[in-house]
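Chemist: Turn this into a structure:
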Amino acid sequence: MILVLRALGVGDLATAVPALRALRAAHPDRELVLAAPAWLAPLVELVGGVDRLVDTPGLGRMGWAGAPPRLAVNLHGRGPQSHRMLAAVRPGRLLGFGNPSAGFADGPAWDESEHEVRRWCRLLEWYGIPADRCDLTLRRPPSAGVPTGVSVLHPGSKIVGKRWPADRFAALARGLTARGHRVVLTGSPDERELAVRVAVRAGLPADAVLAGRTGLRELAALVAYARVVVSGDTGVAHLATGFATPSVVLFGPVPPAVWGPPPDRPRHRVIWAGERDWPSWDGVGSHPSLTALGVEEVSAAVDEVERESGAVTA
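Modeler: Numbers count the residues shown, from 1 in each chain. I've put the predicted structure just below:
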């Protein structure tokens, strides 16, 4: 049995898909168990190849009651805590990045600037397990129960500084609506107030606010069958990449070279103001690197990805 640790969120799981599939291909006859938050189960189903999910909401004590796994793989981080967490279940072998402070001298060196997809593929390749960094495609879920062909705007982010200003999302929503898009606003329950604020400023109907009203399964279906997705650097952007849904991703303090969609895919457009000497930021509201992005630039990018993906614009 193979135990894989990735106790993080939507985008983290989506970027680990090539590594998970590489492990599945390398060990087709072994049970593949993923230690991740239970709420990710609908997305795990769309990844495929995972036999079982062990609820692991974060780093700490893993709820592992089985026999020691033959192989444990740290796709969570560089350690030391994640290394120690896996070592505690006494695996036959542990694969991970080298971390002497965790008492783990094996594995390649960590590269802080490395793209997240490449990082985990490189880890496995160091151990002789080939991985296809382009293997990001997710299975398409059933579309029943969600609107299809809508333009998904996702104004929220767990990190407030990575949010594009709400008034600009509202202006974008007004412009897209005028061009024939049916705009909906997604987000978590905690982001519903933000989505409502955007909807009111954009003049959207109340039923356009889906934030807080969809579970992960429904959100995935919305993205999979959307006309276009516009979001910050968050999990929804990675779902759009996985479903090859045309998307525009707004990057701020973290460069797209670390978390962005593959640069060779025409269906996805990254907008980033680059690395500059930004004004001091007090940690409140959007980071200056995001306030530097204008509505017209984002709107034009929406048109570009639609043209390149063959979508029909109004």
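
Chemist: Residue 101 - that's part of a strand, no?
Modeler: No - counting by DSSP: H, G, I helix; E, B strand; the rest coil, residue 101 is not part of a strand but helix.

Chemist: if I pick it, what's in contact with it?
Modeler: 79, 80 (C-beta atoms under 8 Å, 6 or more residues apart in numbering). Where you see a C-beta, it was placed from the backbone N, CA and C, and this is true even at glycine.

Chemist: cool, residue 169 as well?
Modeler: By C-beta under 8 Å, 6+ apart, residue 169 lies in contact with 153, 155, 185, 198, 202, 230.

Chemist: outside of stretch 254-262, which residues touch it?
Modeler: Taking C-beta under 8 Å, 6+ apart as the rule, stretch 254-262 contacts 11, 15, 113-117, 134, 136, 162, 233, 237-238, 240-241, 247, 249, 251, 268, 270, 272, 275.

Chemist: got the end-to-end distance for that stretch?
Modeler: Terminal residues of stretch 254-262 are spaced 16 Å apart (C-alpha to C-alpha, to the nearest Å).

Chemist: Just want the phi and psi numbers for the closest residue to residue 158 other than its chain neighbours.
Modeler: Leaving aside its chain neighbours, residue 158 sits nearest to residue 234 (7.4 Å; criterion: C-beta to C-beta, 6 or more residues apart in numbering). Listed backbone geometry of residue 234 is phi -150, psi -180, with angles given as degrees, to the nearest 10.

Chemist: where's residue 234 relative to residue 58, distance?
Modeler: Between residue 234 and residue 58 the computed distance is 18 Å (C-beta to C-beta, to the nearest Å).

Chemist: With neighbour numbers in mind, choose between the two.
Modeler: Set residue 234 next to residue 58 and count neighbours by other C-beta atoms under 10 Å: residue 234 wins out with 23 against 11.

Chemist: who are the neighbours in contact with the more buried one?
Modeler: So residue 234 contacts 10, 11, 154, 156, 157, 158, 162 (C-beta under 8 Å, 6+ apart).

Chemist: Check it and give its pLDDT.
Modeler: With respect to pLDDT, residue 234 scores 94.

Chemist: which of the contacts of stretch 254-262 are buried?
Modeler: 11, 15, 115-117, 136, 162, 233, 237-238, 240-241, 247, 249, 251, 268, 270, 272 (16 or more other C-beta atoms under 10 Å).
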